[in-house]
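Chemist: what follows is a predicted protein model with its sequence.
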Amino acid sequence: MGEFTMPSLGADMDEGTLVEWLVEPGAPIRRGDPVAVVETAKSTIEVECFESGTMGRPLVEPGTTVPVGTPLALIETAAGTRGKAGKARKPRKEPQGPPAPERTRPAEPAEPVRTREPVASEAPGHGHVEAGPLIRHLAEEGGVDLAALRGSGPGGRVTRADIERAAAAAPTARTPTARAPRARVTPLARRRAAELGVDLSSVAGTGKDAAIRAEDVSRAASGLAGAPSPPPRTTAAVRASRPSEDQAPAMRRAIARLMSRANRDVPHYYLSTTVDMAVPMDWLHDRNRRSPMSERLLPAALLLKAAALAAHEVPELNGFWTDDRFTAGEGVHLGVAVSLRGGGLIAPVLRGADTLEVPALMSALKDLVSRARTGRLRGSEVSGATLTVTNLGDQGVETVFGVVHPPQVALVGFGRVVDRPWAVDGLLGVRPVVTVTLSADHRATDGAVGARYLTAVDRLLQNPEKL
């Protein structure tokens, strides 16, 4: 039995909010399958499982905020294995004796998740019935009397399906003491309600399953609570709106904390160089003329590939500073800074960027940017970057000096390709050039290493056909 835990999706992430489950209990899952949607201060991420098996019972309900490392659900794996998802341990040898009744007992949870041992209750007329904390909560919300319910699970255990069938079959037969279902409230909405003095019981939710969102609280606070509520949105629409509607303030605070720590703890040094782009731009124009519209490349693809190959050549800048020492990255995984609608940014990861052909890298970049701006990234795509690249050329910026994203040790910046007077072989002309900058951690390297990196970027760009 394994555990699916709240992952760490960045060095600045301490906690996350479970938004929804993508897999029902009992469904088969494979390593790498997305099983849940998690909301961080920066984005809404689809999180993959790192074990294959069967989805077990959930331990945390949607809308709950928990620390990184908290078990979210059980994963039923091969018999005899148990431990964290993706890190199964060898079975423990039990003392000899008569075989005990078969029973699965999950590992003890980290705070603040509720106790996971099933709670036994006596159901009159039906003998011994078991119902876990989640089932009891569902029964309470649905007005279902557990004492009058026969469980269909192993050993008479009450399942989620039992609760749903009972609630659907007798929606008006709730006991006088049963409480009405409680509205689901996102953590941000609850905080905003407290700040604005809004009574959540009077707010109509427009999120998934009528969940109350921060937008609903703001509408109520501004006197718009009586206005007709918009129709419920699809899950995709809700996710797409989050970065711009609900998460901007939290994202700015998260970025502020991380950048303050980086400026305080990382001794930066900065270098820049100007690269003649006449050869790569001529090659790019010639290739694009012969290619369908959907396969045409942007200069950003060449710049990213050159940055990745240069990191492979100068590995001292491709890795992490941890425990007072540098550790080289296993592969070149570029974090690409992407601005989000409504403000803020995120840096999804292009894995193995140095091994991708330029057209494949261009395709992967388009896909990442699109999903980053609609809240559809996966957990593996927002962590593990060995080097970050920021390109503000499309914003008209000619030079950008970034801040290193710890524990990385370097950040590469590209500006806009501009036409400038340029001397070649003693002759002055006008040529396209781009300013390339490097921000690096002086604990890991020095200016000489940084200079080698920028020189490698320049040399690689002069041979675009070999990228």
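Modeler: Sure, I can see it. Nothing here was measured: the structure is a model prediction, and the numbers come from that model.
Chemist: hmm, who's touching the host helix or strand of W422?
Modeler: If you go by DSSP states H and E, W422 is part of strand 418-424. Here strand 418-424 makes contact (Cβ atoms under 8 Å, 6 or more residues apart in numbering) with 274, 276, 398, 428-434. From N, CA and C alone the C-beta is placed, and that goes for glycine too.
Chemist: please list only the buried members of the residues you listed.
Modeler: Burial by neighbour count, 16 or more other Cβ atoms under 10 Å: within the contacts of strand 418-424 this picks out 274, 276, 431-434.
Chemist: let's see which of those residues end up in strands.
Modeler: Judged by DSSP state E, the subset of the buried ones among the contacts of strand 418-424 located in strands is 274, 276, 431-434.
Chemist: need those in TSV with pLDDT and distance to Q408, can you?
Modeler: Below are those laid out as TSV (pLDDT from 0 to 100; distance: Cβ to Cβ, whole Å):
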residue	pLDDT	distance to Q408
T274	98	25
D276	98	28
R431	97	33
P432	97	30
V433	98	27
V434	98	22
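Chemist: ok, those vs T390, which is closest?
Modeler: Proximity of those to T390 (Cβ to Cβ) peaks at V434, which lies at 13.3 Å.
Chemist: and for the closest residue to that closest one other than its chain neighbours, the neighbour number?
Modeler: Once flanking residues are discounted, V434 sits nearest to V417: 4.8 Å by Cβ to Cβ, 6 or more residues apart in numbering. V417 has 19 neighbours, counted by other Cβ atoms under 10 Å.
Chemist: backbone dihedrals for V417, please?
Modeler: phi -80, psi 120 (degrees, to the nearest 10).
Chemist: hang on, isn't it packed against T435?
Modeler: No. At 9.5 Å, V417 and T435 do not qualify as touching, with contact defined as Cβ atoms under 8 Å.
Chemist: remind me, longest helix of the chain?
Modeler: helix 248-265 (DSSP state H).
Chemist: contacts for that one, please.
Modeler: Contacts of helix 248-265 (Cβ under 8 Å, 6+ apart): 11-12, 40-43, 188, 243, 340, 342-345, 403-406.
Chemist: please repeat the previous calculation with a cut-off of 6 Å.
Modeler: The contact list for helix 248-265, computed with Cβ atoms under 6 Å, 6 or more residues apart in numbering, reads 12, 41-42, 342-344, 403-404, 406.
Chemist: state the mean pLDDT of it.
Modeler: Averaging pLDDT along helix 248-265 gives 84.
Chemist: which of the residues in it are buried?
Modeler: 248, 250-251, 254-255, 258, 262.
Chemist: what's the answer for stretch 22-31, then?
Modeler: Going by 16+ other Cβ under 10 Å, stretch 22-31 has these buried residues: 22-23, 25, 29.
Chemist: what about it, start to end distance?
Modeler: Stretch 22-31 has its terminal residues 14 Å apart, counting by Cα to Cα, to the nearest Å.
Chemist: ok, and the helix or strand in this structure with the lowest average confidence?
Modeler: strand 87-89 (a mean of 36; mean pLDDT, DSSP states H and E).
Chemist: which pair of the buried residues of stretch 22-31 spans the longest distance?
Modeler: Between all members of those, the farthest pair (by Cβ to Cβ) comes out as L22 and P25, at 12.1 Å.
Chemist: and M293, how many neighbours?
Modeler: 6.
Chemist: what do you get for the one 10 residues further on?
Modeler: Summarising burial for L303: neighbours were counted as other Cβ under 10 Å, giving 25.
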